[in-house]
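Student: after the sequence you'll find the predicted model.
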Amino acid sequence: MMNQNNLRFGFLETNTLRYSFYAAIAIFILTLTGIFGTFAQRDVIQDTLSLDLVALVLVIGVPALVAGRSSQSDKPVITILNSAIAGLIAATAVILVVLLETIVPQEELMFVFNNYRPIIGGVATLGAGQDNLIMGILGLLALSLILGGIVGGILSLPQRWMLAILSGLGSMVIIGLMAGQIRNLVTPSDALGVVGAFVAGYGAGYATRTIANPWLRRLLGFIAGGAVGIVFLVLGNTGAFAQNGALLLGGDPSIIMGGAVNSSLTMIIGFGIVGLAGLIVTSASSFVHNSAIFLAVVFALLGMLNVQQRMTVIMAIVTFIAFAAATIFIPPLGTQSNKQYRTLSPQQKRSIDVITGVLALVLALVAPVFMGQYITNVLDLVMLYIIMGIGLNVMVGYAGLLDLGYVASFAIGAYTSAILTTPSIFTTGCIPFEPIADARYAEMCTGILTNWQGVGILTFWQAWPIAIVVSAFTGMALGVPVLRLRGDYLAIVTLGFGEMTRVLTRAQITAPVLGAAQGISPVPFPVIDLTSLNPDWYFELSNASTIYYLYIFSVLAAALVVWRLSGSRLGRAWRAMKADEDVAQAMGVPLVRTKLLAFGVSSAFAGLGGAIFAAQLRGIFPDSFTLLVSINVLSLIIIGGLGSIPGVVVGALMLVGLPEVLREIQDYRLLVFGVLLVVVMLLKPDGLIPPPIRQLSKQQKVPQSASPQPNTQ
Amino acid sequence: MDQPLLNVIDVTKQFGGLTAVNSIDLSIKPGLIASLIGPNGAGKTTFFNCVTGFYTPNEGKIIFDDRPIQGMSTDKIAKRGIARTYQNIRLFGDMTVLENILVGMHHRLTAGMWRPILGLDRAEEADAITEAIRLLEFVGLEGQGDYMAANLPYGMQRRLEIARALASKPKLLLLDEPTAGMNPIETDTMMAFIRQLRDELGLTIFLIEHDMKLVMTISDQVSVMDYGRKIAEGTPKEIQNDPTVIAAYLGTNIEDEEMEAEA
Ligand SMILES: Nc1ncnc2c1ncn2[C@@H]1O[C@H](COP(=O)(O)OP(=O)(O)OP(=O)(O)O)[C@@H](O)[C@H]1O
Ligand SMILES: [Mg+2]
């Protein structure tokens, strides 16, 4: 697709020139906005590799990668040469800034580009200062040629090796940057124990391949994992782990060490479940199999990081090797397990699916215990964006209606829920933020506002569905005037809706209800009060780890609803409308109804997310509802793959999770978005995980055969 | 006498100053294969677009199944029982073959938004898929159901477009140049297939075609358009021998001949 106009002059291809020219512009801007200076303070590998060097390698390597990929030749030499040239051109952009710095005084540069940091003497000149600048520049040019050539060489390797190297390097950088936040997540003994139990279960899966009864095999997997648990328990009791931390699975470490039966039992069961998981994945679909093993690898690495406490050189090497090896060796194993899975009878497949589902759910539920507040907070945000991404996908991915004002629905959900749960003129008859002139009235209001609980204010659980419905209906109402608009026009008008919402939330006329710039606070947190059943059952969802459950429930519900809709009559109507509106209508699809349903469903999910968001922040402010939210959601569904639910997850992790974790990127967020969008669109025009093709002919009703199904797993 | 299934009375469609369809009267009895022929730009496709609701005629009436349909939206007309194919194939390219057909069934299925969410549309879906697969077999696309429509070879795309139209169980099927771009062998297969549609499904078929051999072989009734007007109508035999039709196709017209005569 991208090779359409690719001409060749000698070995040089026009694509190489085109892409490196784009890259050069981006790099020029990145350099002028001080990317190298900002990143210089941050180490990826302790005292060995700093982030600015990584940035340098990336700005040279990525153009080289794109150029090499688009090279049409199957001769490695040509690919390598084109990559090297692309690297050289990219480096030239950096050198231009270096030269600029020699001519223009620093203060003047910094006056124009506020973020500019001097780059001479830094990584951009390979450490060379003013006096041996020529050497630095020549060095950078040489480096870019070599680096580009290496990238070209990697591209010429077999696909799997190439992926292995890239995933090894990528995970090394990411784990390196996150090291500070994740170093205490998993104790080494936990890592060893859990991975050990998983491997034991996995081994049991292979050893018992010939056993026909699936439940017997599952029991054996459970026992294998449990046995590892017992070994660890015994070791723990002898004090072997006293140094490096306790086994978290059993709860309070001192109790395990003390050998309390109750906790030991919990721990053994926990390990047994991990063993069961190891066994199940040996005959699950390759996706389940591969993700489970990758997770185990991450778990092991986290344990090691806990010992090292920093991204040391050894840690970096181990990370690289672990991920590269995993990328090479896991997929073939996955193919095998997939083959197993495919030969199963429908009932058995179902039973495996149900068990994997339950195990994944258990994992998701215990995850906050391992992840700690910080990572959980990030995940909450990621899940908020997953919910919105799933919702916006209905509009953009399925119905093909480009909506740039999605933040409006988000804001409406958040404000509705906040208004209904917080004292305001609506719920109390009093204006919370205005001093009240009338003395009698003021006294009453002060009374109400200080004891506002129980003054006809709704709980979160009552307000939540209302917020969803209000969002859905406002979405539909906003849809009415734009029914006839398509493409760019629709985008512009919805953009306007988004901005209008934000302006309205700030405006003075709405202030009594919406609180203008102060917003609405304090929004109470959701409470689950089951004290009538059991006096202990009173839960406040007041922090990241508890709100997490609200989010994860919503993500699952959203994914299920949209997955079902997308394969239904309505979903097909949406997609047909996206492909060709006129023909869809001529086939009997009523456009008005179908479009309004897309608006409504899509907005409902934004409202659902918005209500949780308000409760999580304990207050809402107009500044949370900027155009950037719409752009974020749209970008992440495009990068993930329009219309793809797993794509939304990957997109949200990349565009929301990563910047949140890699604080340095925050300032460059939009630039990184832009570059990422361009690169993904060039390399994978359908997004990272395009939506699956629904194999409907396999769903046809097959008459049930009378003979019993063979019992294999 | 049978009532006509489609009765077009004095329909005119103008684009600015251009009168693409000029007071056309035309009626088709149920169970017939009727053809519409004429030189390029005569207004045939525009006429189809008027019948199917893509355009609202400036004047005139279109009666289908005893009820007026002019000015109705295309989805309502589709519901009444008119389905069509397009001169340049217009499939839903990034949907599978089966999904294309299922969209054709849209107005015959009933699930709205809530039933799928609650998983209550499974029985209806399963039946629809079974029917769609049968339809695929009927048009000779068995086993192709899970391919992307855009990836099918050209001839298959034409058949899929017809299958999608059939999925709505129409009474009247409009085919706009069904053999365009086909070689003689494919054209013969298509001709047999169109006959089969009428004979086995009892459909009434109205088609635009440039392939005279096909038109003259399978039509019960042929109408000829030129410059937006209907210039002739009759059985294939009558049309073949009609001097106005021959003149229209040879590109001469009476004025030219008169000028020549004067000279
Ligand atoms: N939407 C439109 N706007 C303006 N003019 C149009 C439009 N559609 C068709 N026309 C004009 O109307 C005339 C009739 O076009 P039409 O497509 O109906 O011809 P046709 O008989 O189907 O020709 P062909 O055999 O080439 O398909 C042409 O001159 C065409 O340019
Ligand atoms: Mg035409």
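Tutor: That came through fine. Ligands and ions are numbered 1, 2, ... in the order given.

Student: next SSE after the helix or strand A:E660 falls within?
Tutor: Using DSSP states H and E, A:E660 falls within helix A:658-661. Moving toward the C-terminus from helix A:658-661, the next helix or strand (DSSP H and E) is helix A:669-683.

Student: wait, A:A507 sits on A:A517?
Tutor: No - applying Cβ atoms under 8 Å as the test, A:A507 and A:A517 come out as separate, 9.9 Å apart. For glycine as for every other residue, the C-beta is placed from the backbone atoms N, C-alpha and C.

Student: isn't A:F460 right next to A:P526, touching?
Tutor: Yes - using Cβ under 8 Å, A:F460 and A:P526 qualify as a contacting pair, with a distance of 3.8 Å.

Student: between these two, what contacts are shared?
Tutor: A:A615 (Cβ atoms under 8 Å, 6 or more residues apart in numbering or on different chains).

Student: residue of chain B closest to ligand 2, please.
Tutor: Nearest to ligand 2, among the residues of chain B, is B:T45, at 3.0 Å (Cβ to the ion).

Student: tell me how many other residues surround that residue.
Tutor: Per other Cβ atoms under 10 Å in any protein chain shown, the neighbour tally for B:T45 reads 18.

Student: contact partners for it?
Tutor: B:87, B:176, B:208.

Student: ok, and of those residues, which contact ligand 2?
Tutor: When contact is defined as Cβ under 5 Å from the ion, the contacts of B:T45 meet ligand 2 at B:Q87.

Student: dump the contacts of B:T45 to JSON lines, plus pLDDT and secondary structure.
Tutor: Listed next are the contacts of B:T45 as JSON lines, based on pLDDT from 0 to 100; DSSP: H, G, I helix; E, B strand; the rest coil:
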{"residue": "B:Q87", "pLDDT": "94", "secondary structure": "coil"}
{"residue": "B:D176", "pLDDT": "95", "secondary structure": "strand"}
{"residue": "B:I208", "pLDDT": "95", "secondary structure": "strand"}
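
Student: could you chop the chain up by domain?
Tutor: Answering for chain A, as no chain was given. Domain segmentation of chain A under automatic domain parsing yields A:4-156, A:182-370, A:376-422+A:457-683.

Student: wait, chain B was what I had in mind.
Tutor: B:1-81+B:170-263, B:92-168.

Student: output the below-cut-off pLDDT ranges for chain A.
Tutor: Along chain A, segments meeting pLDDT under 70 span A:1-7, A:72, A:236-263, A:423-456, A:512, A:664-665, A:699-713.

Student: ranges for the strands of it?
Tutor: Using DSSP state E, the strands of chain A run over residues A:8-9, A:12-13, A:43-45, A:49-50, A:527-529, A:538-540.

Student: relative to chain B, which of those strands is closest?
Tutor: Closest to chain B of the strands of chain A, according to Cβ to the nearest Cβ: strand A:527-529, at 24.9 Å.

Student: and the closest one, what does it pack against?
Tutor: Applying 3 or more Cβ pairs under 8 Å, 6 or more residues apart in numbering or on different chains; DSSP states H and E, we find strand A:527-529 packed against strand A:538-540.

Student: try 10 Å this time
Tutor: Counting contacts by 3 or more Cβ pairs under 10 Å, 6 or more residues apart in numbering or on different chains; DSSP states H and E, strand A:527-529 packs against helix A:460-479, strand A:538-540, helix A:544-566.

Student: which secondary structure elements does the shortest one contact?
Tutor: If I follow you right, that is strand A:538-540. strand A:527-529, helix A:544-566.

Student: just put those in CSV and tack on mean neighbour count.
Tutor: Shown next, in CSV, are the helices and strands packed on strand A:538-540 (neighbours: other Cβ atoms under 10 Å in any protein chain shown):
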stretch, mean neighbour count
strand A:527-529, 13
helix A:544-566, 19
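
Student: mind putting these in TSV, distance to A:T282 included?
Tutor: Output for the helices and strands packed on strand A:538-540, formatted as TSV (distance: least, Cβ to Cβ, whole Å):
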stretch	distance to A:T282
strand A:527-529	38
helix A:544-566	26
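
Student: which one of those lies nearest to A:T312?
Tutor: Evaluated with Cβ to Cβ, the helices and strands packed on strand A:538-540 place helix A:544-566 nearest to A:T312, the distance being 29.5 Å.

Student: other SSEs contacting that closest one?
Tutor: Using 3+ Cβ pairs under 10 Å, 6+ apart: helix A:544-566 touches helix A:346-393, helix A:460-479, strand A:527-529, strand A:538-540, helix A:569-579, helix A:591-617, helix A:645-652, helix B:114-117.

Student: pipe those into JSON lines and attach distance to ligand 2 per row.
Tutor: Shown next, in JSON lines, are the helices and strands packed on helix A:544-566 (distance: least, Cβ to the ion, whole Å):
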{"stretch": "helix A:346-393", "distance to ligand 2": "37"}
{"stretch": "helix A:460-479", "distance to ligand 2": "34"}
{"stretch": "strand A:527-529", "distance to ligand 2": "65"}
{"stretch": "strand A:538-540", "distance to ligand 2": "68"}
{"stretch": "helix A:569-579", "distance to ligand 2": "22"}
{"stretch": "helix A:591-617", "distance to ligand 2": "24"}
{"stretch": "helix A:645-652", "distance to ligand 2": "40"}
{"stretch": "helix B:114-117", "distance to ligand 2": "38"}
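
Student: and the ones you listed as a markdown table, adding distance to ligand 1?
Tutor: Listed next are the helices and strands packed on helix A:544-566 as a markdown table, based on distance: least, Cβ to the nearest ligand atom, whole Å:
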| stretch | distance to ligand 1 |
| --- | --- |
| helix A:346-393 | 33 |
| helix A:460-479 | 27 |
| strand A:527-529 | 61 |
| strand A:538-540 | 63 |
| helix A:569-579 | 21 |
| helix A:591-617 | 19 |
| helix A:645-652 | 38 |
| helix B:114-117 | 37 |
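
Student: between these, which gets nearest to B:M182?
Tutor: helix A:569-579 (24.0 Å).

Student: and that closest one, anywhere near chain B?
Tutor: Yes - using Cβ under 10 Å from any Cβ of the partner chain, helix A:569-579 comes into contact with chain B via A:569-573, A:575-579.

Student: which strands and helices sit next to that helix?
Tutor: helix A:544-566, helix A:581-586, helix A:591-617, helix B:97-104, helix B:114-117, helix B:122-138.

Student: so the fourth one versus helix B:122-138, what angle?
Tutor: Interaxial angle of helix B:97-104 relative to helix B:122-138 (axes from the mean of the first three to the mean of the last three Cα atoms, to 10 degrees): 110 degrees.

Student: give me the angle between helix B:97-104 and helix A:569-579.
Tutor: 100 degrees.

Student: from the chain's centroid, how far away is the helix or strand B:T244 falls within?
Tutor: Element membership for B:T244 (DSSP H and E) is helix B:243-250. Here the centre of helix B:243-250 is set off from its chain's centre by 24 Å, with Cα atoms, centre = their mean, to the nearest Å.
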